[in-house]
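Novice: Got a predicted structure here, sequence first:
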Amino acid sequence: MDDRLNWAGNYRYGSSKIMEPGSVEEVREAVARADRIRALGSRHSFNGIADTEGTQLSLRRLNRVIELDKSQGTATVEGGIRYGELCRYLNEQGYALHNLASLPHISVAGAVATATHGSGDRNQGLGGAVRSLELVKADGETIALTRGADSEFDGAVVGLGGLGVVTKLQLDVLPSFQVSQTVYDELPLSALEDGGVDRVFSSAYSVSLFTNWEGPTFNQVWVKRKQSGEHEEDALRASTDFFGAAAAPAKRHPVPGQSEVNCSEQFGVPGPWHERLPHFRMAFTPSAGNELQSEYFVPRRHAFDALKALERLREHIAPLLYISEIRTIAADGFWMSPCYKQDSVGLHFTWKPEWERVRQVLPLIERELEAFDVRPHWGKLFAMEPGKVQARYERLQDFRDMLLRYDPAGKFRNAFLDTYIMHS
């Protein structure tokens, strides 16, 4: 892999060099010496959020589990560990995380910092598991912020890389659990009318709808059921019908033409949480590989109207699309999270690698969604004017003030943060 490219190959970093420290002390020294520096996780962002004109500091080697505290129900990890490795360790010890993204290949610090979220009506994004975090500030000193104890904790979790280098996180864990996954074919959009959004998405621990937008139908529905009495889902084992969609007769990949072997187990077979909550298996190429991604969040109450608005753009969207995914995310309290104080629906687009054509479609999508208080995913492609993005965040000024206190000279800032956060 070319270290100057992100994982999808659509963005080339402009940094002068990349460093891979092997200890927190090396991170502190590198940060203290640098004029401009940015942390670099697993390169799963599609825009310039991780870029800098100075040094990129890769956390690839800071990938250990530091401690599993069973009495406190926490796991303390280094920021560069990927969810795939962390989850295997936790499951072997009898523990789990509450939620996972569709890809297990991403780093914990990077995913949390960009409000990457996973899926499920009752499930907050990945940052919801963070009990405390430790970061290296611009002066090379470390600071720890803890939920409930530090007033700036909610500003630091989705920190967009602007506060410092997150070297350690303490995560809430829970007892390991089993999940079954069943894929259904051809759910009509009309199934979400008249309260259908609540019926469909509340029917299991996690529900994902996939569509190519060629018609008013979701091509696939991925239903992940927790096998415990907690949510009374044992009684909802795989059936042949899901609100009018039929159980798939063969294993599916959400992206047409891609090999199903890349995907997590299906057919309602129970298995460990970390092998079912992601759509893709750690050992294989995630999603389509060579692709572009965008995602927009709207308040849950606007979900059906937002989908109907997108349907009006089918002829513009479908030719450029691999697949689109619709998921729900529970509200959180993180200042710069798209789900701040609102249960949300994520409208995700996996695009073919045709940037010039995609770039022309994004403003059309954003115009249709503007009436629904749309917010873009920080790490993906969007075209919204900076002022419109900023207007969606009521704690923006508090976050700006925090950035200036932690990094007065702008060591961690870059063109992305200047454009969407700092400049009015």
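Specialist: Done, it's in. Remember, predicted model here, so these are calculated numbers, not experimental data.
Novice: For Pro376, which non-adjacent residue is spatially closest?
Specialist: Spatial nearest neighbour of Pro376, excluding adjacent residues (C-beta to C-beta, 6 or more residues apart in numbering): Phe382 at 3.7 Å. Every residue, glycine included, has its C-beta placed from N, CA and C.
Novice: That neighbour and Tyr296 touch, don't they?
Specialist: Yes. The pair Phe382 and Tyr296 qualifies as a contact (C-beta atoms under 8 Å) at a distance of 7.4 Å.
Novice: Quick check: neighbours shared by the two?
Specialist: Shared contacts of Phe382 and Tyr296, defined by C-beta atoms under 8 Å, 6 or more residues apart in numbering, comprise 366, 376.
Novice: more neighbours, the two?
Specialist: The neighbour count for Phe382 versus Tyr296, taken as other C-beta atoms under 10 Å, is higher for Tyr296 (26 against 20).
Novice: Could you give the average pLDDT over the helix or strand the more buried one falls within?
Specialist: Per DSSP states H and E, Tyr296 falls inside strand 292-299. Averaged across strand 292-299, the pLDDT comes to 98.
Novice: picking up where we left off before, how near is the residue nearest to Pro376 to Gly14?
Specialist: 20 Å (C-beta to C-beta, to the nearest Å).
Novice: Check Val345 too.
Specialist: Distance, Val345 to Gly14, using C-beta to C-beta: 34 Å.
Novice: Now do the contacts for Leu86.
Specialist: Shown in contact with Leu86 (C-beta under 8 Å, 6+ apart): 65, 75, 77, 97, 108.
Novice: which of the residues you listed count as buried?
Specialist: Buried members of those, scored by 16 or more other C-beta atoms under 10 Å, are 75, 77, 97, 108.
Novice: which two from these end up farthest apart in space?
Specialist: The most widely separated members of those, counting by C-beta to C-beta, are Val77 and Leu97 (10.8 Å).
Novice: low-confidence ranges in the stretch 1-150 of the chain?
Specialist: Applying pLDDT under 70 to the stretch 1-150 of the chain picks out residues 1-2.
Novice: Helices of that one, residue ranges please.
Specialist: 24-33, 83-92, 108-113 (DSSP state H, counting those that start in this stretch).
Novice: Tabulate those helices in a markdown table, adding columns for distance to Leu40.
Specialist: Shown next, in a markdown table, are the helices of the stretch 1-150 of the chain (distance: least, C-beta to C-beta, whole Å):
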| stretch | distance to Leu40 |
| --- | --- |
| helix 24-33 | 12 |
| helix 83-92 | 17 |
| helix 108-113 | 8 |
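Novice: Single out the most deeply packed of these.
Specialist: Of those, the one with the most neighbours on average (mean count of other C-beta atoms under 10 Å) is helix 108-113, at a mean of 28.
Novice: you'd agree the residue nearest to Pro376 is in a helix?
Specialist: No. Read with DSSP: H, G, I helix; E, B strand; the rest coil, Phe382 is coil and lies in no helix.
Novice: residues contacting it?
Specialist: Phe382 neighbours (C-beta under 8 Å, 6+ apart): 47, 294, 296, 362, 366, 376, 389.
Novice: Give me the subset of the buried ones among the contacts of Leu86 that lies in strands.
Specialist: Residues from those lying in strands, with DSSP state E as the criterion: 75, 77.
Novice: so which of the buried ones among the contacts of Leu86 comes closest to Gln124?
Specialist: Nearest to Gln124, judged by C-beta to C-beta, of the buried ones among the contacts of Leu86 is Leu97 at 11.2 Å.
Novice: show me the contacts for the closest residue in space to the closest one that isn't next to it in sequence.
Specialist: Counting by C-beta to C-beta, 6+ apart, the nearest residue to Leu97 once its immediate chain neighbours are dropped is Ala129, at 5.6 Å. Listed by C-beta under 8 Å, 6+ apart, the contact set of Ala129 reads 97-99, 171-173.
Novice: Spatially, which two of those are the most separated?
Specialist: Asn99 and Val173 (11.9 Å).
Novice: any residues in contact with both of Val77 and Leu97?
Specialist: Shared contacts of Val77 and Leu97, defined by C-beta under 8 Å, 6+ apart, comprise 86, 171.
Novice: Phi and psi next, for Asn212.
Specialist: Note on Asn212: its backbone torsions stand at phi -100, psi 0 [degrees, to the nearest 10].
Novice: For it, give its distance to Glu186.
Specialist: Distance from Asn212 to Glu186, by C-beta to C-beta: 12 Å.
Novice: What is the strand holding Tyr296 packed up against?
Specialist: On a contact count with 3 or more C-beta pairs under 8 Å, 6 or more residues apart in numbering; DSSP states H and E, strand 292-299 meets strand 344-351, helix 355-369, strand 375-376.
Novice: let's see it at 10 Å
Specialist: Contact here means 3 or more C-beta pairs under 10 Å, 6 or more residues apart in numbering; DSSP states H and E; on that basis strand 292-299 packs against helix 303-311, strand 321-329, strand 344-351, helix 355-369, strand 375-376.
Novice: Just the CA trace of that strand, in CSV.
Specialist: Output in CSV follows, covering the C-alpha atoms of strand 292-299 (Å, rounded to 0.1, in the frame of the first residue of the first chain):
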residue,chain,number,x,y,z
LEU,A,292,-15.7,6.6,-3.0
GLN,A,293,-18.0,7.1,-0.1
SER,A,294,-20.4,9.8,1.2
GLU,A,295,-22.8,9.7,4.1
TYR,A,296,-25.4,12.1,5.4
PHE,A,297,-27.3,12.1,8.7
VAL,A,298,-30.8,13.3,9.3
PRO,A,299,-32.9,13.2,12.4
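Novice: what's the distance between that strand and the middle of its chain?
Specialist: Relative to the centre of its chain, strand 292-299 is centred 10 Å away, using C-alpha atoms, centre = their mean, to the nearest Å.
Novice: swap in stretch 327-334?
Specialist: 11 Å.
Novice: so how far does it reach from one end to the other?
Specialist: Length of stretch 327-334, first residue to last, C-alpha to C-alpha, to the nearest Å: 19 Å.
Novice: Could I get the average pLDDT for it?
Specialist: Stretch 327-334 shows a mean pLDDT of 98.
Novice: Just the buried residues of it, please?
Specialist: 327-334.
Novice: ranges for the helices of the stretch 201-350 of the chain?
Specialist: Assigned by DSSP H, counting those that start in this stretch, the stretch 201-350 of the chain shows helices spanning 303-311, 314-317.
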